[in-house]
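*Asks:* structure, please.
(3 chains)
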Amino acid sequence: MSQSKAYAWQKLDPSEEAGLWAKRAQTGSKARCRLAELYLPFARMVAAKLYGKRPNDEIEFGDYMQLASVGLLDAIDRFDASQGTAFTTYAHYRIQGSVLNELEHYTERQKQHGLQRRIKERIKSMDNTAMSTDPDKVFERLAAVAIGMAIGMMLEDEGLCLNEEPDAVIAPAYTSLELRQLSRQLSEMIECLPERHAQVIRYHYLQQLDFSEIAKLLGISKGRISQLHQAALAKLRSEIAQLNQGNLAW
DNA sequence: CAAACTGTACAGTTACCTAT
DNA sequence: ATAGGTAACTGTACAGTTTG
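*Replies:* Modelled structure (predicted):
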């Protein structure tokens, strides 16, 4: 399969991209963040190719992706646009180097923090009202669980359309029409979130980056990412609760 | 030997603060 | 009011050690 539509990196007008490179070094630069967002699918593709050649299954794709994103940021910071070479050519070597170099030093401990655990934690983080006994929280809890399942499905849909990740989990058990609809609605809701909130959700759930990596990408602190994450989830829950009032089917 | 305990590392959360 | 930083905190998983 050729690169899926969802992962095709967006081509910018050359002058617009040149502007981004020029502004990238400014403190708290939106340009740097925009470039990272633009080329993250490229980093993912490089990670996927390396993952395809992995010698064993000890390290999961999510970990390759994390290392690739670090390499991407490094490439963005060091790339000299005036040299006339394409960024992807330069970035390919840096990302590959970053992944291979870090994998060499990968500790047993890091291996233990794999994708499955991250997904489990993220779905759990959606359900932080689960222990509530307050009846008023029941709908909120249902919405939280539904969001967790829907985002879980979105993660797996990513796997379905990303052939470079050969061992992606396929055929989820809960592919009901209702959840498919919720997943679609959820994507639309995420697009309607404030930009920062949407970025955190996309990076965390779709690109599988942890808060520290997102913080580096956006140039803000890990604590702030957590706050944006909580605020985004609160908004999504509220949206879903409203949806629920109009449609008791789920 | 296995269960219980303890220490450590890490990801994420929260309270409180400052700057705009 | 909002965005963001910082540091202390919580929860979890794991490794190593102790104890019966």
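*Asks:* helix or strand: which one has A:L67?
*Replies:* Assigned by DSSP states H and E, A:L67 belongs to helix A:61-78.
*Asks:* swap in A:L35?
*Replies:* helix A:30-52.
*Asks:* which ones are touching A:E195?
*Replies:* Contact analysis of A:E195 by Cβ atoms under 8 Å, 6 or more residues apart in numbering lists nothing. All C-beta atoms are positioned from the backbone trio N, CA, C, and that covers glycine.
*Asks:* distance-wise, check it relative to A:G19.
*Replies:* For A:E195, the distance to A:G19 (Cβ to Cβ, to the nearest Å) stands at 19 Å.
*Asks:* got it, and A:L217?
*Replies:* 19 Å.
*Asks:* also A:L40?
*Replies:* Counting by Cβ to Cβ - A:L40 and A:G19 are separated by 19 Å.
*Asks:* more neighbours: which of the two?
*Replies:* Higher neighbour count among A:L40 and A:G19: A:L40, with 23 against 14, using other Cβ atoms under 10 Å.
*Asks:* how much space between the more buried one and A:A75?
*Replies:* 12 Å.
*Asks:* what about A:R32, neighbour count?
*Replies:* 22.
*Asks:* wait, doesn't it sit right on A:G219?
*Replies:* Yes - contact criterion Cβ atoms under 8 Å: A:R32 and A:G219 qualify, at 6.9 Å.
*Asks:* where does chain A dip in pLDDT?
*Replies:* Applying pLDDT under 70 to chain A picks out residues A:1-12, A:24-30, A:55-60, A:62, A:102-183, A:206-208, A:240-250.
*Asks:* helices of that one, start to end?
*Replies:* Secondary structure of chain A (DSSP state H): helices located at A:14-23, A:30-52, A:61-78, A:87-104, A:108-112, A:115-126, A:138-161, A:177-192, A:195-201, A:211-218, A:222-246.
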